[in-house]
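# Got a predicted structure here, sequence first:
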Amino acid sequence: MARDFLKGAADEYDVVVIGSGLGGMTSANILGRAGHRVLLLEQHYKLGGLATWFRRPGGHIFDISLHGFPYGMVKSCRRYWTKDIADRIVQLKNIRFENPMFSVRTTFNRDDFTRLLTTDFKVDPVAVNQFFDTARGMNFYDDQTTTTRQLFDRFFPGREDVIRLLMEPITYANGSTLEDPAITYGIVFSNFMNKGVFIYEGGTDDLVQRMEKELKKNNVDIRIRCPVEKINVSGDRVQSVEVNGRTIRTKAVVSNANLRSTILDMVGPQSLPSDFIQQTEAVRLNNSSTQVYMALKPDAHVDESTGDLLFTSTAPYFRTEALLSRDITSRTFSFYYPRTRPDGKQRHAIVSSTNANWSDWADLSDADYEASKKELIETTLDALDKYVPNIREMIDWAEAATPRTFQHYTQHQLGASFGTKFEGLGVSRALPQQITGMYHAGSVGIIMSGWLGAMNYGVIVSNEVDQFLVG
Ligand SMILES: Cc1cc2nc3c(=O)[nH]c(=O)nc-3n(C[C@H](O)[C@H](O)[C@H](O)COP(=O)(O)OP(=O)(O)OC[C@H]3O[C@@H](n4cnc5c(N)ncnc54)[C@H](O)[C@@H]3O)c2cc1C
């Protein structure tokens with residue numbers, strides 16, 4: 001008989017959280033801590049969503065999305081999780097760029113970028129200062145018609161090299177492009193420039209284990225392998241969710257699943273006004289990614305001077321199409337040294353990431369898909385050999401993930417790595433006004449994406465749910 005993953009679950013909760021990404025887990029933790037009866041339902045067999053990891057023979061362990069986040073994570077983890085978790089966040093100090101336009105190393109904060117821009121790139125210090133101040137002053141309610149390209153043209157006209165330095169890492173960090181509203185760039189860029197780039201020292205497995213422990217301490221009922229099929233609405237109120245053949249009643253739902261799937265599939269058009277459905281249908285998904293995971297043999301060693309995060313590109317200029325193209329020219333390498341990602345075995349791992357289009361991978365036959373993954377691994381090793389000579393001889397394990405992999409494990413439509421484009425934020429925020437008790441918290445609108453964005457959005461939404469429940 002199939003195992004009952006809901007065995008012992010109650011028939012009713014104060015709030016059901018759908019999905020255990022960082023947004024969902026943070027919401028569940030805050031609401032559990034506040035004393036509400038919380039059920040956390042995750043369709044996968046692991047918690048974490050895109051904040052995840054996997055193991056391979058030989059003791060290798062790979063992180064999927066642990067490449068870098070802003071310092072704000074320290075405060076969010078301390079406040080909404082534990083001091084233990086916050087204390088394990090450490091800075092990556094060696095961020096490196098290698099492309100046909102320039103070769104630089106930086107600690108990726110305002111002081112160091114000012115130094116680079118004024119001395120290496122010879123930009124007027126007044127323009128640099130004004131640019132930083134303008135980016136830092138941006139907020140959600142600003143004008144959304146100015147694009148990131150227009151912002152750059154205002155301060156650094158004709159400087160393709162400066163645009164590349166400023167934009168390439170942010171496109172990598174949240175999928176935004178020169179054509180997106182400037183605030184989607186400015187807010188995330190300023191978050192990083194505050195203090196630099198940070199990661200979680202113990203790896204994603206350690207982080208998620210600590211989060212699970214904390215959720216349990218706060219009496220959150222956690223259930224894996226529980227895909228929610230439907231959210232039932234009665235009148236204009238949320239009533240229950242349908243999962244694994246059971247109907248579980250609830251006063252509130254927080255969906256951490258993809259925004260479009262939440263509204264169009266789980267709630268469904270029958271429960272919402274047609275103009276809201278149209279608005280949702282118009283929300284564009286963000287792009288996806290490919291990755292190549294490489295583990296080194298036990299005796300192989302990469303010198304830490306190679307860098308922590310290495311942004312490489314062979315394209316002559318920075319162009320959105322080139323970044324997404326199946327014909328890869330830009331790769332970001334994350335180096336996991338025994339010091340920065342201790343696993344007790346002194347192993348080194350390297351993960352290469354690129355932005356990617358779903359359509360380039362979606363319809364390949366099984367044979368073509370396997371061949372394309374192989375080619376992705378081979379071309380990545382070729383590209384890496386320039387920075388880690390003889391890499392092929394050092395490798396113990398290599399494998400690839402594609403947009404199809406991300407879709408498979410998270411159910412994100414089109415394998416979206418960062419949820420939706422900017423317009424998703426408005427739709428996500430408007431959902432509780434359409435259906436009482438129905439909330440969404442997850443990567444939307446580029447700003448609220450990435451680890452910090454998803455977690456902080458979970459905080460905002462859980463506060464609203466708390467007010468709703470006690471009100
Ligand atoms: C390759 C890659 C690299 C990245 N690198 C970074 C990085 O370096 N730094 C950074 O800050 N961010 C990075 N990100 C982005 C970051 O990982 C995400 O923005 C963030 O983790 C998303 O969190 P979330 O709360 O939106 O939920 P998600 O992680 O998207 O999780 C959603 C959860 O909902 C579950 N779910 C979906 N449907 C259902 C259902 N019907 N029933 C039950 N459960 C369901 C899914 O299984 C999943 O667990 C990266 C992403 C990718 C793909």
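Received, thanks. Note that this is a predicted model, so its numbers are computed, not measured. Residues are numbered from 1 along each chain as shown.
# Quick check: residues of the stretch 201-350 of the chain near the ligand?
Proximity of the stretch 201-350 of the chain to the ligand (CB under 6 Å from any ligand atom) is limited to residues Pro227, Val228, Asn256, Ala257, Ser289, Gln291. Every C-beta, even on glycine, is put in place using the N, C-alpha and C of the backbone.
# typo on my end, it should be the stretch 351-471 of the chain
Residues of the stretch 351-471 of the chain lying near the ligand by CB under 6 Å from any ligand atom: 353, 406, 410-412, 417-419, 442-443, 449-451, 454.
# ok, now with 8 Å
353, 401, 406, 409-412, 415, 417-419, 441-444, 449-455, 457-458 (CB under 8 Å from any ligand atom).
# Out of the residues you listed, which sit inside strands?
If you go by DSSP state E, those have Ser353, Ala401 in strands.
# thought Pro57 was touching Glu399?
No - taking contacts as CB atoms under 8 Å, Pro57 lies outside contact range of Glu399: 11.5 Å.
# quick one, which of those two is more surrounded?
The neighbour count for Pro57 versus Glu399, taken as other CB atoms under 10 Å, is higher for Glu399 (18 against 8).
# Adjacent strands (with direction) for the helix or strand where the more buried one lies?
Here Glu399 sits within strand 395-401, counting by DSSP states H and E. Take DSSP bridges as the rule and strand 395-401 pairs in its sheet with strand 288-296 (antiparallel).
# Low-confidence ranges, the protein, go.
Scanning the chain for pLDDT under 70 picks out the ranges 1.
# domains in it, as residue ranges please.
The chain breaks down into these domains under automatic domain parsing: 12-51+206-283+419-470, 55-91+285-410, 108-194.
# And those domains: which comes nearest Leu6?
Proximity to Leu6, assessed across those by CB to CB, is greatest for domain 12-51+206-283+419-470 (5.4 Å).
# Give me the neighbour count for Ala28.
For Ala28, using other CB under 10 Å, the count is 31.
# What of Leu376?
Residues near Leu376, counting by other CB under 10 Å: 24.
# Tell me which residues touch the closest residue to Glu399 other than its chain neighbours, please.
The shortest distance from Glu399 to any non-neighbouring residue, by CB to CB, 6 or more residues apart in numbering, is to Tyr293 (5.6 Å). Tyr293 makes contact with Phe62, Ala349, Val351, Trp397, Ala398, Glu399, Ala400, Ala401 under the criterion CB atoms under 8 Å, 6 or more residues apart in numbering.
# Is the third one in a helix, a strand, or coil?
When you say that, I think you mean Val351. Recorded secondary structure, Val351: strand (DSSP: H, G, I helix; E, B strand; the rest coil).
# Quick check: the gap between it and Val292.
When CB to CB, to the nearest Å is the yardstick, Val351 and Val292 sit 7 Å from each other.
# Check Glu321 too.
The value you get for Glu321 to Val292, if CB to CB is used, is 21 Å.
# So which of the two has more stuff around it?
Legend: neighbour count by other CB under 10 Å for Glu321 and Val292, higher for Val292 (24 against 9).
# In helices only, show me the residues of the stretch 351-471 of the chain next to the ligand.
In this view, those that belong to helices under DSSP state H are Phe406, Tyr409, Thr410, Gly450, Trp451, Leu452, Gly453, Ala454, Met455, Tyr457, Gly458.
# helices or strands next to whichever strand or helix holds Val254 in the packing?
Element membership for Val254 (DSSP H and E) is strand 246-255. Counting contacts by 3 or more CB pairs under 8 Å, 6 or more residues apart in numbering; DSSP states H and E, strand 246-255 packs against strand 12-18, helix 22-33, strand 228-234, strand 237-243, strand 438-440, helix 450-470.
# how long is stretch 128-148 from one end to the other?
Using CA to CA, to the nearest Å, the end-to-end distance of stretch 128-148 comes out at 16 Å.
# Quick one: residues in contact with that stretch.
By CB under 8 Å, 6+ apart, stretch 128-148 touches 110, 113-114, 117-118, 151, 155-156, 167, 176-187, 189-190, 193, 422, 425, 447.
# coming back round to it: format the ones in helices among the residues of the stretch 351-471 of the chain next to the ligand as CSV; extra columns: neighbour count.
Shown next, in CSV, are these (neighbours: other CB atoms under 10 Å):
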residue, neighbour count
Phe406, 24
Tyr409, 20
Thr410, 22
Gly450, 27
Trp451, 29
Leu452, 25
Gly453, 28
Ala454, 26
Met455, 25
Tyr457, 28
Gly458, 29
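# Name the nearest of those residues relative to Phe335.
Trp451 (18.8 Å).
# The closest one: what's it in contact with?
Here Trp451 is in contact with Leu22, Ala51, Ser65, Phe69, Met73 (criterion: CB under 8 Å, 6+ apart).
# Report how many residues lie close to the fourth one.
Neighbours of Phe69 under the rule other CB under 10 Å: 24.
# Run through the bridge partners of it.
The bridge-partner assignment for Phe69, based on DSSP bridges, gives Phe198.
# What is whichever strand or helix holds Arg210 packed up against?
Assigned by DSSP H and E, Arg210 belongs to helix 204-217. Contact analysis of helix 204-217 by 3+ CB pairs under 8 Å, 6+ apart lists helix 22-33, strand 53-56, helix 83-87, strand 221-223 as its packing neighbours.
# Out of the ones you listed, which is the most enclosed?
By mean neighbour count, with neighbours taken as mean count of other CB atoms under 10 Å, helix 22-33 ranks first of those at a mean of 28.
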